[in-house]
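Engineer: What follows is a predicted structure for the sequence shown.
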Amino acid sequence: MYVLSFLFCGFLCLIAQIIIDNTKLSAGHITSIFVSLGAFLDIFDIYDKIVSCVGGGALVPITSFGHSLIHAALDRAQESGFFGLAMGMFDLTATGITAAIVISFFIALIFRPKN
Amino acid sequence: MRDKKYQEIVDKHKPKENRISNMIIAFIVGGIIGLIGNLLVDLYTYFFHISTTEAGVCMIVTLIFIACLLTGLGVFDLLVKKGKMGFIIPITGFAHSMQSAILDYKKEGPVYGFGANMFKLAGSVILYGVVSAYVFGLIRYLFFGG
């Protein structure tokens, strides 16, 4: 599991580094592409399989953000039909987004911008 | 003609970035962060007796907290300079983009300053994530039955 986490996470960063070195895309483009990629891989359940064999390491890259979005949406869609897609969209990622907003707000109150 | 010559001189003196070493550094740094993620998930499930999904959420919150703190201290930018995409692709990059936007616009006040500009960089991740998740989710829901 640990070796697979290392390899998987490192591999994604390697691809991103190759893209940024050889094209004109910036880091913002690449993260957006990777999020969409994570959601795309879940059409055929591929990312779920990766998570079950790689373990925690597969949850760390930004691709897992897209995966969690589509996963939560489909889970709710099973229960409440078509509108569940929109209702359950943020079920799993809400914690991450809330944490990021709250933590960064309080840290911004404490620290001053450097440089 | 002059432009061409100028371009040649500029190219000659541009510092060459070593792509191979960049790739290796990004691979190792990203791998170590993935390793820490897996370690944290195992630790949380072992000590707090929670399910793997909850442990994953706790792990992501921990990483976000560390990234925000390091950005606030001003260390994270130096790390990105050294570790390249190894720090941007994991969830730490998402937290960093939010934290640096909020710190940059702190001077302009709480509402039109950092309140309005907080999602400047992280917004694109959320936008494309939600749109693609909705479209792909719709495809899977309609054609594969969810």
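Structural biologist: Cool, got the structure.
Engineer: Mind checking what helix or strand follows whichever strand or helix holds residue A:14 in sequence?
Structural biologist: If you go by DSSP states H and E, residue A:14 is part of helix A:2-22. Remark: after helix A:2-22, the chain's next helix or strand is helix A:27-41, criterion DSSP H and E.
Engineer: list the helices and strands that next one packs on?
Structural biologist: helix A:2-22, helix A:46-54, helix A:63-80, helix B:91-104, helix B:122-143 (3 or more CB pairs under 8 Å, 6 or more residues apart in numbering or on different chains; DSSP states H and E). Backbone N, C-alpha and C define where each C-beta goes, glycine included.
Engineer: Check what contacts the second one and list those residues.
Structural biologist: Residues external to helix A:46-54 that are found in contact with it (CB atoms under 8 Å, 6 or more residues apart in numbering or on different chains): A:1, A:4-5, A:8, A:38, A:41-42, A:58-59, A:63-64, A:67, A:71.
Engineer: out of those residues, which are buried?
Structural biologist: A:4, A:5, A:8, A:38, A:41, A:42, A:58, A:59, A:63, A:64, A:67, A:71 (16 or more other CB atoms under 10 Å in any protein chain shown).
Engineer: And the helix or strand encompassing residue B:20, what's buried?
Structural biologist: Secondary structure assignment for residue B:20, by DSSP H and E: helix B:19-48. By neighbour count with 16+ other CB under 10 Å, helix B:19-48 contains the buried residues B:22-23, B:25-42, B:44-45.
Engineer: For it, which helices and strands make contact with it?
Structural biologist: Right, helix B:19-48 is packed against helix A:2-22, helix B:52-73, helix B:76-83 by 3+ CB pairs under 8 Å, 6+ apart.
Engineer: In a markdown table, list those along with mean pLDDT.
Structural biologist: Converted to a markdown table, those look like this (pLDDT from 0 to 100):
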| stretch | mean pLDDT |
| --- | --- |
| helix A:2-22 | 88 |
| helix B:52-73 | 90 |
| helix B:76-83 | 86 |
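Engineer: Please identify which of the ones you listed is closest to residue B:4.
Structural biologist: helix A:2-22 (23.5 Å; CB to CB).
Engineer: contact partners of that closest one?
Structural biologist: A:25-27, A:30, A:34, A:50, A:53-58, A:60-61, A:63, B:17, B:19, B:22-23, B:26-35, B:37-39, B:84-86, B:88-90.
Engineer: residues contacting the residue most central in space within chain B?
Structural biologist: Centroid-nearest residue in chain B, with CA atoms, centre = their mean: residue B:93, separated by 1.7 Å. Residues in contact with residue B:93 (CB under 8 Å, 6+ apart) are A:27, A:31, A:62, B:67, B:87.
Engineer: low pLDDT regions in chain A?
Structural biologist: Scanning chain A for pLDDT under 70 picks out the ranges A:114-115.
Engineer: With distance to residue B:100 added, can I get the helices and strands packed on helix B:19-48 in a markdown table?
Structural biologist: As requested, the helices and strands packed on helix B:19-48 are exported to a markdown table (distance: least, CB to CB, whole Å):
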| stretch | distance to residue B:100 |
| --- | --- |
| helix A:2-22 | 18 |
| helix B:52-73 | 6 |
| helix B:76-83 | 8 |
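Engineer: Quick one: closest of those helices to residue B:115.
Structural biologist: helix B:52-73 (17.0 Å).
Engineer: the inter-axis angle of the closest one versus helix A:46-54?
Structural biologist: 90 degrees (axes from the mean of the first three to the mean of the last three CA atoms, to 10 degrees).
Engineer: can you give me how far helix B:52-73 is from the chain middle?
Structural biologist: How far helix B:52-73 lies from its chain's middle: 12 Å, per CA atoms, centre = their mean, to the nearest Å.
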